[in-house]
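Trainee: Below are the sequence and a predicted model; questions follow.
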Amino acid sequence: MNNPIENLNKIFDSRVRLGIMSTLMVNDAINFNDLKQLIDVTDGNLASHIKSLEDAGYIKVNKGFIGRKTNTTYAVTKAGQKAFQQHLDALEKMIKTIK
Amino acid sequence: MDHQNQSLQDLHHIKNMMERSSRFISLSGLSGIAAGVFALAGAWVAHSKISLYNYENSPGFNDERGSYIFRDGTSLLINQLVVIALLTFVAAFISSFFFTYLRSKSNGIPLWGTASIRLFWNTIIPLAVGGLFLLRCLQMEYYDLIAPGCLIFYGLALVNASKYTLGEVKYLGYCQLILGITNLWMIGYGLYFWAAGFGILHIIYGLLMWFKYERASNIE
């Protein structure tokens, strides 16, 4: 029997990254400040987690403007959706092994 | 075993984040109760105005009144009823806003965030269209359609809004729709249907929601 933990995605180990992905899965796009309030972390912390998700190709960054203020929004990519779905399946399998 | 526990917690966290980010969950049960109380008060005032009007216009009350004055009396009554309806709406809106504001503060969720803006637009569109429709009904003197119209458009707004806030709002919407449609075939009892929908249903809904979501968190 293979170890179900192997199927869990290492990138989603962190609660903050898991939170970012969950939020983006159900929203078309969300900006930095809303994300910060929802997840309740500091700017630097959130930025570094966003960077790692971006490097993995799971989220895309869209830099825009509202008037003269920058408005950076984030959205999930196809690869991100797939990876998150696989992670959910793996979590489900883990729980099923209890029975 | 530890991994399984961890997985459960992760799933719980995912569910929580999805809900927090997509739905406005600070809608307070107390808002429903407050709106219901104001609706009942408004309906009671309206009822007494209508009774007084019916009494004054009953045969034998004031025989020298001509039909011209009679018509004038009707439009006066309608004006009074419109003012009562507007005051009721404003009082209900302010009081519901107040309780929801308190709850969103204690939840730490901004009142004016992505989720609440989405809720706002999805509620306001059916309501505004309904409002215009009813305004035209008033102008064309289709008074019997006002109460069922209020209930039906409000019910549709709630069913639409339920996707962006507590899911239970949907059932409140269905009940309003049933009342409104029934009222279409029981013309003349509009005020009673209106009081049942906006008064009693709101209070029942508010109590249920308060017991389900807020009482527990207040005790903890």
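Mentor: Structure received. Bear in mind the structure is a predicted one, so any value in this text is a computation, not a measurement.
Trainee: Within range of chain A, give me the residues from chain B.
Mentor: Counting by CB under 8 Å from any CB of the partner chain, the residues of chain B lying close to chain A are B:1, B:3-4, B:7-8, B:10-11, B:13-15, B:17-18, B:20-22, B:108-110, B:113-114. All C-beta spots, glycine's among them, are computed from the backbone N, C-alpha and C.
Trainee: Quick one: mark the members of the residues you listed that sit in helices.
Mentor: Under the assignment DSSP state H, those contribute B:3-4, B:7-8, B:10-11, B:13-15, B:17-18, B:20-22, B:114 to helices.
Trainee: I only care about those residues that end up buried; give me the PyMOL line for that.
Mentor: The buried residues among those can be selected in PyMOL (16 or more other CB atoms under 10 Å in any protein chain shown) with this line:
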select buried, chain B and resi 7+10+11+14+17+18+20+21+22+114
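Trainee: Can you tell me the closest non-neighbouring residue to residue 46?
Mentor: Reading this off chain A. Nearest non-adjacent residue to residue A:46, counting by CB to CB, 6 or more residues apart in numbering or on different chains: residue A:36, 5.4 Å away.
Trainee: The intended chain is chain B.
Mentor: That would be residue B:84: by CB to CB, 6+ apart, it lies 5.1 Å from residue B:46.
Trainee: same deal with residue A:76?
Mentor: residue A:24 is the one closest to residue A:76 (CB to CB, 6+ apart), at 4.2 Å.
Trainee: Helices of the chain, residue ranges please.
Mentor: Defaulting to chain A. Under DSSP H, chain A gives helices at A:15-25, A:32-39, A:43-55, A:78-96.
Trainee: Can you look at chain B instead?
Mentor: So, for chain B - with DSSP H - the helices run B:2-22, B:29-56, B:67-107, B:114-139, B:146-161, B:169-184, B:190-194, B:202-209, B:215-219.
Trainee: closest one to residue A:84 among these?
Mentor: helix B:2-22 (8.8 Å; CB to CB).
Trainee: Now do the contacts for the spatially most central residue of chain A.
Mentor: Using CA atoms, centre = their mean, the residue of chain A that lies closest to the mean C-alpha position is residue A:21, 2.3 Å off. Shown in contact with residue A:21 (CB atoms under 8 Å, 6 or more residues apart in numbering or on different chains): A:12, A:53, A:58, A:59, A:76, A:80, A:84.
Trainee: Now stretch B:187-206: average pLDDT?
Mentor: The average pLDDT for stretch B:187-206 rounds to 94.
Trainee: So for that stretch, what gets flagged as buried?
Mentor: Within stretch B:187-206, the residues that qualify as buried are B:190-191, B:193-203, B:205-206, counting by 16+ other CB under 10 Å.
Trainee: any idea how far residue B:105 lies from chain A?
Mentor: Using CB to the nearest CB, to the nearest Å, residue B:105 is found at 13 Å from chain A.
Trainee: how about the nearest residue to that residue, chain neighbours excluded?
Mentor: residue B:111 (8.0 Å).
Trainee: Correct me if wrong: the one you found contacts residue B:104.
Mentor: Yes. Counting by CB atoms under 8 Å, residue B:104 is a contact partner of residue B:111 at 4.6 Å.
Trainee: Which one of the two is surrounded by more residues?
Mentor: residue B:104 (20 against 14; other CB atoms under 10 Å in any protein chain shown).
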